[in-house]
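*Asks:* Show me how the following folds:
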Amino acid sequence: MDEANYKALPTETDGAPDRNPYAALADLAPAAAFVRDVTGRYVWANHAYAHLYGTTRDAVIGRHLADLDEPADVARFLTLDQEVMTGGRPVRHTLTYQRSDGCSGQAAGYRFPVLWGAARCVAGIYVDVTDYSQVLDQRHRAEADLRTLRDHSGLACVRLTRDGRVSEAGIAVAEVLRVRLSDLIGLPADTLLAETSERATLHRAWDDLITGRRRSARVSAVLVDAEGWQRRARIRLSAVCDTAPDMSKVSRVSGIWAVVTHLGLRDQAQPSLTAAQVRILALLAAGGSNADVAEELHLSRQTVDYHLSRLRDLLGAATRPALVARAYVLGILSAQDWPPRSATAARPSSLV
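*Replies:* Reported below is the predicted structural model:
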């Protein structure tokens, strides 16, 4: 092996720390560093390395690996040392080791061949990544739980990017829209919505969420599936914010989760109704007679009769009970409120 591959490290005999800044730097560096000879005996270690074992550097230097590690770890570490010394080049490793508290730890770093004085040795410098690995594992488990919940809860939900494209989607929403899940990813959300009056309200709510003026919003929309059929939906929008490292700074909105909380039945075409016609349906659903509707809306009986005739044609319903039932089925009236009101009403107490 070419001895030129070995790097000479400054030793404590090379001079006092004030005359040897490299030794002082290595000794006080937060990364754990060591030098061992061919037998596995420590010829140098810094404070951070000793801390991993719950001891001091003076208690480590001069001792053998077997004095600090379990037998299985000793054999593994000596094998790694020999590979480095034989190969004559740095090798990156991620290692597990026994911590001073008895728990298993993880460290990532390099070990490389060095000359310590005239002796060939192996040096290593590692960073303890135990806490990072645990947090990463917890995050992966949380993400797996979220995917399971998203895909098997039956909720129709999508995650949208800031520019309104689908970045994640649950199985349920793909079934509602009659598309393959893979085809849904990347689509602009607007292509999934019918051209209705609710779009303007939805866009205003979206702008508020993206700019951070609101954290969540409830909106109504009409979804259009791949076959052209429509379903009226009530949707909860929630802003997803990046974690701000500096708590004094406002975190940036990275996307929006959209969850369908109520879904009307599938219909080939949603009728376009006027505000007066929706109010008439709400009054009928509350049990009002034609005379009650005329009085409430300040309309003549003939005008009410005309609207009812138009509604029968638009909704395909021959009777008053059928009109009311059809209005609920199509999602025109909210199924969660009493007295009856429009599903797109801005205020729960409003009839429209």
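
*Asks:* alpha carbons only for contacts and neighbour counts from here, please
*Replies:* OK.

*Asks:* And this structure, split by domain according to the record?
*Replies:* What automatic domain parsing lists as the domains of the chain is 3-128, 134-263, 272-352.

*Asks:* So for the shortest one, mean pLDDT?
*Replies:* Think domain 272-352. Domain 272-352 carries an average pLDDT of 80.

*Asks:* Make 700 the starting number, not 1.
*Replies:* In the new count, where the first residue is 700, that last one comes out as domain 971-1051.

*Asks:* just to revisit the earlier point, for the domains of the chain, please prepare JSON lines with the additional fields mean neighbour count.
*Replies:* Converted to JSON lines, the domains of the chain look like this (neighbours: other C-alpha atoms under 10 Å):
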{"stretch": "domain 702-827", "mean neighbour count": "17"}
{"stretch": "domain 833-962", "mean neighbour count": "17"}
{"stretch": "domain 971-1051", "mean neighbour count": "17"}
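
*Asks:* distance of Thr895 from Asp862?
*Replies:* Applying C-alpha to C-alpha, to the nearest Å, the value for Thr895 to Asp862 is 21 Å.

*Asks:* Let me see the ranges of the helices in the protein.
*Replies:* Counting by DSSP state H, the chain has helices at residues 720-727, 746-751, 756-759, 770-786, 829-851, 870-876, 880-883, 897-909, 974-984, 989-996, 1000-1014, 1019-1028.

*Asks:* Same list (these) but as CSV, adding distance to His792.
*Replies:* Below are the helices of the chain laid out as CSV (distance: least, C-alpha to C-alpha, whole Å):
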stretch, distance to His792
helix 720-727, 20
helix 746-751, 16
helix 756-759, 22
helix 770-786, 9
helix 829-851, 14
helix 870-876, 40
helix 880-883, 37
helix 897-909, 43
helix 974-984, 69
helix 989-996, 78
helix 1000-1014, 70
helix 1019-1028, 62
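
*Asks:* Out of these, which is closest to Val821?
*Replies:* Checking those against Val821 by C-alpha to C-alpha gives helix 770-786 as the closest, at 6.2 Å.

*Asks:* Does anything pack onto the closest one? Which helices or strands?
*Replies:* If you count contacts as 3 or more C-alpha pairs under 8 Å, 6 or more residues apart in numbering; DSSP states H and E, helix 770-786 packs onto strand 803-815, strand 818-827.

*Asks:* Of all those strands, which one is nearest Arg762?
*Replies:* In terms of C-alpha to C-alpha, the element of these nearest to Arg762 is strand 818-827, at 14.8 Å.

*Asks:* other SSEs contacting the closest one?
*Replies:* Counting by 3+ C-alpha pairs under 8 Å, 6+ apart, the elements that strand 818-827 packs against turn out to be strand 731-735, helix 770-786, strand 803-815.

*Asks:* And these: which comes nearest Asp757?
*Replies:* Per C-alpha to C-alpha, nearest to Asp757 of the helices and strands packed on strand 818-827: strand 731-735, 12.2 Å.

*Asks:* CA atoms only: put the closest one into PDB for me.
*Replies:* What follows is strand 731-735, C-alpha atoms only, in PDB (Å, rounded to 0.1, in the frame of the first residue of the first chain):
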ATOM      1  CA  ALA A 731     -16.800  13.100  17.700                       C
ATOM      2  CA  ALA A 732     -13.300  12.200  16.500                       C
ATOM      3  CA  PHE A 733     -10.800   9.500  17.400                       C
ATOM      4  CA  VAL A 734      -7.500   7.800  16.300                       C
ATOM      5  CA  ARG A 735      -6.900   4.100  16.900                       C
END
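
*Asks:* Relative to it, what are the paired strands and their orientations?
*Replies:* strand 741-744 (antiparallel), strand 818-827 (antiparallel) (DSSP bridges).

*Asks:* average pLDDT for the shortest one?
*Replies:* Here strand 741-744 scores 93 as its mean pLDDT.

*Asks:* Other residues contacting that strand?
*Replies:* Residues outside strand 741-744 that contact it (C-alpha atoms under 8 Å, 6 or more residues apart in numbering): 726, 731-736, 756, 759-764.
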